[in-house]
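K.L.:
Turn this into a structure:
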Amino acid sequence: MNCQKAFDRYLSLDKYEHVPLSVTVHLLFCPVCRTSVRRLTLAEKVLAAPLAPAQADVLPQSADPVVQAASCPHFFVGHRLGSA
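P.N.:
Numbers count the residues shown, from 1 in each chain. Predicted coordinates:
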């Protein structure tokens, strides 16, 4: 079995489906395909992990003074909606 056939067959499998013996043997002896499958597996795990919430100290600061004022935690203190 060549690399293209083995990789196509691997990609056609459903999640947790048994890997055919011919593909398994190819992956045992082909370091390029084996590495590609490992990378796919790692990428899937990373994509399945929940995203971490953004932290305010990590966000880039804006050069716009209006945006800076609005992001100040004390900006809305003493202001009521609808008042002038």
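
K.L.:
Can you give me the neighbour number for residue 34?
P.N.:
13 (other CB atoms under 10 Å). (Each C-beta comes from the backbone N, C-alpha and C, glycine too.)

K.L.:
which residues does it contact?
P.N.:
Contacts of residue 34 were listed using CB atoms under 8 Å, 6 or more residues apart in numbering, and they are 27, 28.

K.L.:
could you dump the helix or strand that contains it to CSV, C-alpha only?
P.N.:
Residue 34 is part of helix 31-48, with elements assigned from DSSP states H and E. C-alpha atoms of helix 31-48 as CSV (Å, rounded to 0.1, in the frame of the first residue of the first chain):
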residue,chain,number,x,y,z
PRO,A,31,7.5,7.4,9.6
VAL,A,32,6.1,10.2,7.4
CYS,A,33,2.5,8.9,7.6
ARG,A,34,2.8,7.9,11.2
THR,A,35,4.0,11.5,12.0
SER,A,36,1.1,13.0,10.0
VAL,A,37,-1.4,10.9,11.9
ARG,A,38,0.1,11.9,15.2
ARG,A,39,-0.1,15.5,14.2
LEU,A,40,-3.7,15.2,13.2
THR,A,41,-4.6,13.5,16.5
LEU,A,42,-2.9,16.3,18.4
ALA,A,43,-4.6,19.0,16.3
GLU,A,44,-8.0,17.4,17.0
LYS,A,45,-7.3,17.3,20.8
VAL,A,46,-6.3,21.0,20.7
LEU,A,47,-9.4,22.0,18.8
ALA,A,48,-11.6,20.0,21.1
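
K.L.:
quick thing: my sequence starts at 3, can you match it?
P.N.:
Okay, residue one is now 3; in that scheme the one you just asked about reads as helix 33-50.

K.L.:
now that helix: mean pLDDT?
P.N.:
The average pLDDT for helix 33-50 rounds to 92.
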